[in-house]
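Asks: Return atomic coordinates for the entry below.
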Amino acid sequence: MNAQPDDWHEIHTAYQVARLGSLSAAAQQLEVHHSTVLRRINALETRMGTRLFHRHPRGYVATEAGRALLAAAAQAEQAFSVMRARVNESETLAGTLILTSVNNLVPYLTPLMAEFQQLHPNIRLEYAADSRVFRLEQGEAHVGIRSVFKPDHPDYVVQRLTRATGTLYANREYLRRHGHMSSLEDLAGHRFIGTTRPCSSSMYMRWMEANVPAEQVRYRVQDFTGFIPALQAGLGCGPLSCWHASLAPELQPLLPPPGEWAHDLWLTSHGDMHRSAKVQAFTGFLKARIAERQADFMPA
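Replies: Numbers count the residues shown, from 1 in each chain. Got it, this is the predicted structure:
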């Protein structure tokens, strides 16, 4: 059997005849004339060079060749049904939406995720927070938030979410004992919190690795999620994004945000999914909420 791509219209018709048992029932299901169904069956049998149905007064019964073809057609029909469900889901405010970002954004964005889900209870949210860059083109996530470097993938839709900055923070007791800093060069007498391994994706950690002597890094954590507890405990001072520090108002800046630490946060989605209802709803919501909270990201 040598079915060609242009046979699929006829194969679908044959599948309906086999499933329903008659030309008239298939015609009604397909909303075409009885003669159209007959013409398609005859054309398919002619192209394939084999009889697909036994014609009986009581209806059409598939031959052995017909059963083999129609088993494949049934699988195709099921696959198309799954695809149609996914397409329909993407056009409604329902289904799963996956957000990815660096992990230190989790405590700030999670309350916003809860608010979004209250507005759209039929959308199931997943938050994949990781230093690894998730591949939107492979369906690993629907929306991504990345900092500093603008993603340049040709299939991505990239929007600037906000301008952000950071500085060095510590608790009040640390400041009482060690004082403020006049600049990023004013390192003498300060104890720093760092990471257990180099973190080249962070401009703050690149600065520390290039400028802070190793003997002044007195406490290390695995990643930025451990910085706030360490700073609150008075283990040293350390760099935080201003929005991150806004979650712990007891922490105080050692100096105003350095100009060179200002950077952009980028909101990304894949071109194929960007116009779907759920992605549009989420990105629109997130941009609006972040705009309302601009002072968290770029303090005056």
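
Asks: packing partners for the helix or strand residue 96 falls within?
Replies: In this assignment (DSSP states H and E), residue 96 forms part of strand 95-101. Contact analysis of strand 95-101 by 3 or more C-beta pairs under 8 Å, 6 or more residues apart in numbering; DSSP states H and E lists helix 106-119, strand 123-129, strand 143-147, helix 277-292 as its packing neighbours. In short, each C-beta sits where N, CA and C put it, glycine included.

Asks: what are the ranges of the helices in the stretch 51-200 of the chain?
Replies: 64-90, 106-119, 172-178 (DSSP state H, counting those that start in this stretch).

Asks: Now mean neighbour count and mean pLDDT too, for those, in CSV please.
Replies: Below are the helices of the stretch 51-200 of the chain laid out as CSV (neighbours: other C-beta atoms under 10 Å; pLDDT from 0 to 100):
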stretch, mean neighbour count, mean pLDDT
helix 64-90, 14, 68
helix 106-119, 14, 95
helix 172-178, 14, 97
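
Asks: Let me have the ones you listed in a markdown table, adding distance to residue 138 as columns.
Replies: Shown next, in a markdown table, are the helices of the stretch 51-200 of the chain (distance: least, C-beta to C-beta, whole Å):
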| stretch | distance to residue 138 |
| --- | --- |
| helix 64-90 | 15 |
| helix 106-119 | 22 |
| helix 172-178 | 45 |
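
Asks: Low-confidence stretches in this protein?
Replies: Where the chain drops to pLDDT under 70, the residues are 1-7, 77-92, 131-133.

Asks: Residue 128 is nearest to which of the helices of the stretch 51-200 of the chain?
Replies: Smallest distance to residue 128 across those (C-beta to C-beta): 10.3 Å, for helix 106-119.

Asks: Report the distance from that closest one to the chain centre.
Replies: From the chain centre to the centre of helix 106-119 is a distance of 15 Å (C-alpha atoms, centre = their mean, to the nearest Å).

Asks: Now do it against helix 277-292, angle only.
Replies: 120 degrees (axes from the mean of the first three to the mean of the last three C-alpha atoms, to 10 degrees).

Asks: circling back to that earlier point, angle of the strand holding residue 96 against strand 123-129?
Replies: Going by the same axes, to 10 degrees, strand 95-101 makes 20 degrees with strand 123-129.

Asks: quick one: buried residues of strand 95-101?
Replies: Judged by neighbour count using 16 or more other C-beta atoms under 10 Å, the buried positions of strand 95-101 are 95, 97-101.

Asks: picking that back up, among the helices of the stretch 51-200 of the chain, which is nearest residue 278?
Replies: Closest to residue 278 of the helices of the stretch 51-200 of the chain, according to C-beta to C-beta: helix 64-90, at 6.9 Å.

Asks: quick one on the thing from earlier: identify whichever of the helices of the stretch 51-200 of the chain lies nearest to residue 241.
Replies: Evaluated over those, closeness to residue 241 peaks at helix 106-119, with 8.9 Å, by C-beta to C-beta.

Asks: Show me what the closest one is in contact with.
Replies: Applying C-beta atoms under 8 Å, 6 or more residues apart in numbering, the contact partners of helix 106-119 are 99, 101, 123, 125, 127, 129, 145, 225, 243-244, 246-247, 281-282, 285-286, 289, 296.

Asks: Pull out the buried residues from the residues you listed.
Replies: 99, 101, 123, 125, 127, 129, 145, 243-244, 246, 281-282, 285-286, 296.

Asks: tell me the helices in the stretch 201-300 of the chain, going along the chain?
Replies: For the stretch 201-300 of the chain, helices defined by DSSP H, counting those that start in this stretch occupy the ranges 203-211, 227-232, 242-245, 277-292, 294-297.

Asks: Which one, of the ones you listed, ends up nearest to residue 218?
Replies: Evaluated over the helices of the stretch 201-300 of the chain, closeness to residue 218 peaks at helix 227-232, with 10.1 Å, by C-beta to C-beta.

Asks: hang on, the earlier thing: nearest to residue 69 among the buried ones among the contacts of helix 106-119?
Replies: Nearest to residue 69 among these: residue 123, at 40.1 Å, using C-beta to C-beta.
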